[in-house]
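In: From the sequence below, what's the structure:
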Amino acid sequence: MAIVYPTQEGLHGTGSRFLPLQQMQGSDYLPRIVRICGTYPGLSVDELTAAEGVPPVENGNWVYDFMGEEASAMGVVAIPGCRAVNEAKDPVALIASAKSLGVQLLEEAECVVVVDRQDVEFDSRKFYAFSAPDSGLISICWRPQPPAGWPIVGRVVYVMVPFLQYMAASKTGFVEIDDDM
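Out: Numbering: from 1, shown residues only. Predicted coordinates:
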């Protein structure tokens, strides 16, 4: 198949026409594509470790992912760009009920939990995905000390809670503030 390049006419900057360009900065965190490995609770260590990772991206750049036959059967999710997610070495996502994480919402909702499978260095201030020794299932929690016989399979680096209608800001009654002008 031949590639057809346009003539000089019709390109950016000709005829007073300009493409809507945006120059990325070295400090920009773009959304990151993360593979989904399953749902929690009930997620096994094998399911968590089986999902193929998507390589990290340098700030100011992006990555694409053309899903092939070898891709996770569960799909992918784009996580908003932030330092914690972009610095994760081997992140995967799991879908968890808010209740299973202890996140109290007025209605049941699913959250997206990002776990960095390479971050297994214990810190008592962090949440981890532990492997329950008797069942082989994942347990997400924090502990003052690592539980004996419960290997760390990754650290929770990000949890995304959905927007629920009751979370919308209520009107103040002041047109200037409510932006109804």
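In: Counting residues, which helix of the chain comes out longest?
Out: helix 45-50 (DSSP state H).
In: That one packs against which elements?
Out: strand 32-40, strand 152-160 (3 or more CB pairs under 8 Å, 6 or more residues apart in numbering; DSSP states H and E). Quick note: C-beta positions are derived from backbone N, CA and C, even for glycine.
In: Tell me what angle the first one forms with strand 152-160.
Out: Which is strand 32-40. Per axes from the mean of the first three to the mean of the last three CA atoms, to 10 degrees, the angle that strand 32-40 makes with strand 152-160 is 110 degrees.
In: Can you dump the C-alpha atoms of strand 32-40 in CSV for me?
Out: What follows is strand 32-40, C-alpha atoms only, in CSV (Å, rounded to 0.1, in the frame of the first residue of the first chain):
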residue,chain,number,x,y,z
ARG,A,32,-1.8,5.5,32.1
ILE,A,33,-3.2,2.4,30.5
VAL,A,34,-3.4,-0.4,33.1
ARG,A,35,-4.5,-4.0,32.6
ILE,A,36,-7.4,-5.2,34.7
CYS,A,37,-6.7,-8.6,36.3
GLY,A,38,-10.1,-9.3,37.9
THR,A,39,-12.5,-8.4,40.7
TYR,A,40,-12.1,-8.2,44.5
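In: In its sheet, which strands sit next to that strand, and in what direction?
Out: strand 76-79 (antiparallel), strand 91-97 (parallel) (DSSP bridges).
In: can you put those strands in a markdown table and add mean pLDDT and mean neighbour count?
Out: As requested, the strands paired with strand 32-40 are arranged in a markdown table below (pLDDT from 0 to 100; neighbours: other CB atoms under 10 Å):
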| stretch | mean pLDDT | mean neighbour count |
| --- | --- | --- |
| strand 76-79 | 86 | 17 |
| strand 91-97 | 93 | 23 |
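In: and of the ones you listed, who's closest to Phe174?
Out: Between Phe174 and the strands paired with strand 32-40, the tightest spacing by CB to CB is seen for strand 76-79, at 35.7 Å.
In: what residue lies at the spatial centre of the protein?
Out: In the chain, the centroid-proximal residue (CA atoms, centre = their mean) is Ile79; its distance is 3.3 Å.
In: Looking at the nearest residue to Ser124 once chain neighbours are set aside now. What's its pLDDT?
Out: Among residues not flanking Ser124 along the chain, Pro144 sits closest, at 5.2 Å (CB to CB, 6 or more residues apart in numbering). If you check Pro144, the pLDDT there is 95.
In: helix/strand/coil for Pro144?
Out: coil (DSSP: H, G, I helix; E, B strand; the rest coil).
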